[in-house]
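> Turn this into a structure:
(one chain, ligands or ions: 1)
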Amino acid sequence: MATANAPSVVGPVPFTDVCGARPGPVPPPNDHDDDDASAAALPGDARLRLRWYQGTWVPRVCVPGVVAIRQGSFAPRRGDVVLASPHKCGTTWLKALAFATMARGAYPPAGAGHPLLRLNPHDCVPFMEMLFADSSAGSRKMGALPSPRLMATHMHHAILPASISNNPDCKIVYICRNPKDMLVSLWHFGRRVQPDLAFSDVFEHACEGVSFSGPIWDHVLGYWNASKESPETVLFLRYEEILLDPAGNVRRLARFVGQPLSPAEEAAGVAEDIARLCSFEALRGLEVNTAAGSGSLLFPNGAYFRRGQAGDWANHMTPEMARRLDAVMEEKLRGSGLSFA
Ligand SMILES: Nc1ncnc2c1ncn2[C@@H]1O[C@H](COP(=O)(O)OS(=O)(=O)O)[C@@H](OP(=O)(O)O)[C@H]1O
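Numbers count the residues shown, from 1 in each chain. Below is the predicted model:
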């Protein structure tokens, strides 16, 4: 049964996760919990700078939010759903799908007044690291939202506070993507603010673990292992699988968040309606998501909709580069049961 309660739309939320990494040293892991001590920044456009934080690469602008979340500024509630992802792996799509699925009681997906027809998905689902950049304002805004709350993060599983990662009342939906396509998407996005960003730089550094959401293997492994240990609280999705069967994955999502489609909804084609509403073609074509439009994001809304396919890496990587990244991933993921081959 669909619930009548829609996940909360919090309105404009600053969202600054930008991609790309310029050459720079990989500092050693450290245990510091504060911004200044947490590591070296990479050179280049300020929005592309990363910090090495607790064994993970975090956009510099997100570090204060990450620290606040880890220090307990976010108080989880029963029914909360956290969407987790590495950058450029389908965050925007998952936000749309989860919002449309959880809100379907209040907002029928085929309805002309659906919020996703006038808001970018990032405006419907808050990005936790940015919301908590101002810790007290973040706490106030999140606290004021009625349940069920839907939010998103790019944090590695290893640095989530236990109140999220070890909380049966808080569900996590994770999406990942073939790292080769992720890097291509990251590079295109980074070039928007740094036109001279070379793909070879992004690639080389990612192979060494330095990238947005890097090391990539640790990001996916953390959530993969959590989903194996606790499948009822962590749902592990892949971009490519959703491309193949969007409606089937809407059903998975609905079941996972405790709102399975009813027989009446199945008969009415609700899963297909949600898949259609959230499809790349449908969202990209909306006025709000055209290149000129911009909501709560530092980038034009159109920047979040580029190509929306699997396999674009073949247009940017030599076969040797592809083999190299595949080999790195294979080695790092060995024994886990997870593979991107
Ligand atoms: N609805 C829908 N369906 C399929 N694919 C979609 C959709 N929306 C966004 N995209 C594609 O996802 C890529 C952007 O990833 P993210 O949304 O994770 O970016 S971000 O981290 O939030 O900046 C980026 O991938 P590339 O096209 O390969 O660059 C987007 O085009």
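
> Please count neighbours and contacts with C-alpha atoms only from this point.
Fine.

> Do you have the helices of the stretch 51-200 of the chain handy? List them.
For the stretch 51-200 of the chain, the helices defined by DSSP state H, counting those that start in this stretch occupy 63-70, 91-102, 121-124, 128-131, 135-144, 162-165, 179-191, 199-207.

> Which strands or helices does the fourth one pack on?
The helices and strands touching helix 128-131, judged by 3 or more CA pairs under 8 Å, 6 or more residues apart in numbering; DSSP states H and E, are helix 63-70, strand 150-153.

> close to the ligand, is the last one?
I take that to be strand 150-153. No: figure legend: strand 150-153 not in contact with the ligand (CA under 6 Å from any ligand atom); closest approach 9.6 Å.

> From here on, call the first residue 18.
Happy to do that; since the first residue is 18 now, the last one works out to strand 167-170.

> And the contacts of that strand?
With contacts defined as CA atoms under 8 Å, 6 or more residues apart in numbering, strand 167-170 is touched by 24-25, 97-102, 112, 116, 142-146.

> what residue ranges in this structure are flagged as low confidence?
The model of the chain has pLDDT under 70 over residues 18-64, 308-315.

> hmm, try it at 50
18-22, 24-60 (pLDDT under 50).

> just to revisit the earlier point, of the contacts of strand 167-170, closest to the ligand?
The ligand lies nearest to residue 102 out of the contacts of strand 167-170, by CA to the nearest ligand atom, at 6.9 Å.

> ok, the closest one - how many residues close by?
28 (other CA atoms under 10 Å).

> Get me the contact residues on the protein for the ligand.
Counting by CA under 6 Å from any ligand atom, the chain comes close to the ligand at 34, 104-110, 202, 295-297, 321-326.

> Can you select the buried ones from those in PyMOL?
Buried residues among the residues of the chain next to the ligand (16 or more other CA atoms under 10 Å), as a PyMOL selection:
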select buried, resi 34+104+105+106+107+108+109+110+202+295+296+297+321+322+325
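
> In strands only, show me the residues of the chain next to the ligand.
Among these, no member falls in strands (DSSP state E).

> follow-up on the earlier one: farthest pair within the contacts of strand 167-170?
Spanning the widest gap among those are 25 and 102, at 20.1 Å by CA to CA.

> follow-up on the earlier one: okay, the helices of the stretch 68-217 of the chain in JSON lines with distance to residue 344 next?
Formatted as JSON lines, the helices of the stretch 68-217 of the chain follow (distance: least, CA to CA, whole Å):
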{"stretch": "helix 80-87", "distance to residue 344": "31"}
{"stretch": "helix 108-119", "distance to residue 344": "26"}
{"stretch": "helix 138-141", "distance to residue 344": "34"}
{"stretch": "helix 145-148", "distance to residue 344": "32"}
{"stretch": "helix 152-161", "distance to residue 344": "41"}
{"stretch": "helix 179-182", "distance to residue 344": "30"}
{"stretch": "helix 196-208", "distance to residue 344": "12"}
{"stretch": "helix 216-224", "distance to residue 344": "10"}
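
> Now do the closest residue in space to residue 131 that isn't next to it in sequence against the ligand, distance only.
Spatial nearest neighbour of residue 131, excluding adjacent residues (CA to CA, 6 or more residues apart in numbering): residue 124 at 5.7 Å. Relative to the ligand, residue 124 is positioned 18 Å away (CA to the nearest ligand atom, to the nearest Å).

> Report how many residues lie close to residue 293.
When counting by other CA under 10 Å, one arrives at 18 neighbours for residue 293.

> er, residue 332 actually
Counted with other CA under 10 Å, residues neighbouring residue 332 total 8.

> what's the span of stretch 345-358, first residue to last?
11 Å (CA to CA, to the nearest Å).

> Which stretches in this protein count as strands?
For the chain, the strands defined by DSSP E cover 67-70, 73-76, 98-101, 167-170, 188-193, 251-255.

> Can you list the helices and strands that the third one packs against?
With contacts taken as 3+ CA pairs under 8 Å, 6+ apart, strand 98-101 sits against helix 108-119, strand 167-170, strand 188-193.

> Repeat the analysis, applying 10 Å as the threshold.
helix 108-119, strand 167-170, helix 179-182, strand 188-193, strand 251-255 (3 or more CA pairs under 10 Å, 6 or more residues apart in numbering; DSSP states H and E).

> and the ones you listed as JSON lines, adding distance to residue 332?
Below are the helices and strands packed on strand 98-101 laid out as JSON lines (distance: least, CA to CA, whole Å):
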{"stretch": "helix 108-119", "distance to residue 332": "23"}
{"stretch": "strand 167-170", "distance to residue 332": "29"}
{"stretch": "helix 179-182", "distance to residue 332": "37"}
{"stretch": "strand 188-193", "distance to residue 332": "20"}
{"stretch": "strand 251-255", "distance to residue 332": "21"}
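
> Many thanks, I have nothing further to ask.
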